[in-house]
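In: All I have is the shape, not the residue letters:
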């Protein structure tokens with residue numbers, strides 16, 4: 001199948017670009033470190049070397065959290081509320097900005113402006129932000145539609161007093177979201193590839209044209225995206241299973257868990273780069289179409305003079 005070839009080729013290209021993997025690994029780490037610093041600034045004065053801290057190290061989190069949440073020294077609402085929103089917003093901006101350089105590097109000399117990482121950021125950052133806007137609008141509409149469908153099933157379960165309708169609602173909503181998300185994400189990725197490959201900037205036109213290509217090739221994109229999704233789920237699921245078997249009781253255990261989590265995030269960055277490279281391969285497989293090229297105006301035919309007109313000219 002073409003999707004298997006594209007999947008394996010994406011992972012192969014990602015394995016040859018450790019610097020790009022490092023870039024993608026550092027993007028969420030920046031937001032996480034900022035949140036950690038804010039949380040530390042809120043928790044350190046209240047906990048310090050107190051009994052609270054000893055209870056946290058011993059693994060009894062819930063009781064400590066209840067006591068601390070009622071304390072006047074609790075300022076975590078600023079971290080969990082505005083701080084989390086700011087970190088998420090900054091992470092999205094960094095991801096879109098750096099993806100311009102990453103995708104340009106993946107194309108190399110075939111890119112319209114050359115294959116340099118920083119050249120890609122300089123020339124394609126703004127078209128990438130516009131492409132993300134179109135994708136986000138479609139994503140929000142798809143999520144809203146799925147939410148409405150799930151609410152209908154939840155209401156039916158309440159009226160029928162049957163919790164099985166809740167399960168059906170979750171399954172139907174999830175399936176509907178997948179059917180909507182894959183074409184939208186595929187169109188987003190293909191339009192970005194076209195921007196880098198040809199240097200065109202009609203991103204809205206490119207998004208809809210790329211959406212048509214994805215819908216015409218469902219056997220390429222749906223298995224491909226499902227494979228990457230399952231890889232990420234398996235990665236975090238394996239970490240969760242291993243983590244649940246151990247109780248952190250000292251600083252060495254905390255350090256080991258933090259290190260293991262960062263290894264998981266590094267593998268996730270590798271998969272993310274493989275996903276980008278796979279989309280690039282899918283774009284090449286579809287013929288490197290100029291999705292974002294402006295609509296050309298048909299040239300008006302110029303009537304040639306007749307022989308009679310030549311005589312009297």
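Out: Sure, I can see it. Bear in mind that the values here come from a model prediction, so they are computed numbers and not experimental data.

In: Can you list the low-confidence ranges for the chain?
Out: For the chain, the stretches with pLDDT under 70 are 41-81, 245-251, 296-313.

In: Phi and psi next, for residue 199.
Out: phi 80, psi 10 (degrees, to the nearest 10).

In: Burial check on the residue nearest to residue 164 when sequence neighbours are not counted, number of neighbours?
Out: Of all residues not flanking residue 164 in the chain, residue 157 sits nearest, at 7.3 Å (Cβ to Cβ, 6 or more residues apart in numbering). All C-beta spots, glycine's among them, are computed from the backbone N, C-alpha and C. Residues lying near residue 157 (other Cβ atoms under 10 Å) number 17.

In: now do residue 253
Out: 14.

In: I'd like the distance between it and residue 243.
Out: As judged by Cβ to Cβ, to the nearest Å, residue 253 and residue 243 stand 11 Å apart.

In: before we move on, which element is the closest residue to residue 201 other than its chain neighbours in?
Out: Closest residue to residue 201 apart from its sequence neighbours, by Cβ to Cβ, 6+ apart: residue 127 at 5.0 Å. In this assignment (DSSP states H and E), residue 127 forms part of helix 117-160.

In: Name the next helix or strand downstream of that helix, please.
Out: As the chain continues past helix 117-160, the following element, by DSSP H and E, is helix 164-198.

In: quick one, that next one and helix 117-160 angle?
Out: 160 degrees (axes from the mean of the first three to the mean of the last three Cα atoms, to 10 degrees).

In: buried set for the helix or strand that helix 164-198 is followed by?
Out: Using DSSP H and E, the helix or strand that follows helix 164-198 in sequence is helix 203-216. Within helix 203-216, the residues scored as buried using 16 or more other Cβ atoms under 10 Å are 203, 205-207, 209-211, 213-214.

In: Show me what helix 203-216 is packed against.
Out: helix 117-160, helix 164-198 (3 or more Cβ pairs under 8 Å, 6 or more residues apart in numbering; DSSP states H and E).

In: ok, 10 Å please
Out: Helix 203-216 sits against helix 117-160, helix 164-198, helix 218-244, helix 251-285, with contacts defined as 3 or more Cβ pairs under 10 Å, 6 or more residues apart in numbering; DSSP states H and E.

In: For residue 21, which of the ones you listed is the nearest?
Out: Nearest of the helices and strands packed on helix 203-216 to residue 21, taken as Cβ to Cβ: helix 251-285 at 5.1 Å.

In: buried sites along the closest one?
Out: So, applying 16+ other Cβ under 10 Å, buried residues of helix 251-285: 264-265, 267-283.

In: Which other helices and strands does that helix contact?
Out: Short answer (3+ Cβ pairs under 10 Å, 6+ apart): helix 251-285 packs on helix 2-15, helix 18-43, helix 51-57, helix 84-107, helix 164-198, helix 203-216, helix 218-244.

In: now the last one: how far from the chain's centre is it?
Out: When C-alpha coordinates are averaged (Cα atoms, centre = their mean, to the nearest Å), helix 218-244 and its chain have centres 14 Å apart.

In: do the same with stretch 282-297
Out: 23 Å.

In: residues contacting residue 270?
Out: For residue 270, the contact set (Cβ atoms under 10 Å, 6 or more residues apart in numbering) comprises 11, 14-15, 17-18, 20-21, 24-25, 231, 235.

In: run the last query once more with 6 Å
Out: 14, 21 (Cβ atoms under 6 Å, 6 or more residues apart in numbering).

In: Same question for residue 154.
Out: Residues counted as contacts of residue 154 (Cβ under 6 Å, 6+ apart) are 166, 169.

In: re earlier: the residue nearest to residue 201 contacts residue 205, correct?
Out: No - using Cβ atoms under 6 Å as the test, residue 127 is too far from residue 205 to be in contact (11.8 Å).

In: contact partners of stretch 143-152?
Out: 169, 173, 176-177.

In: Sort out which residues of that stretch are buried, please.
Out: 146, 149-150.

In: With residue 260 as the reference, name the closest of the helices and strands packed on helix 251-285.
Out: helix 218-244 (6.8 Å).

In: Show me which positions of the closest one end up buried.
Out: Those would be 220-225, 227-228, 231, 235, 239, for helix 218-244 by 16+ other Cβ under 10 Å.

In: ok, now stretch 111-120?
Out: 111-112, 117, 119-120.

In: start to end distance for that stretch?
Out: 9 Å (Cα to Cα, to the nearest Å).
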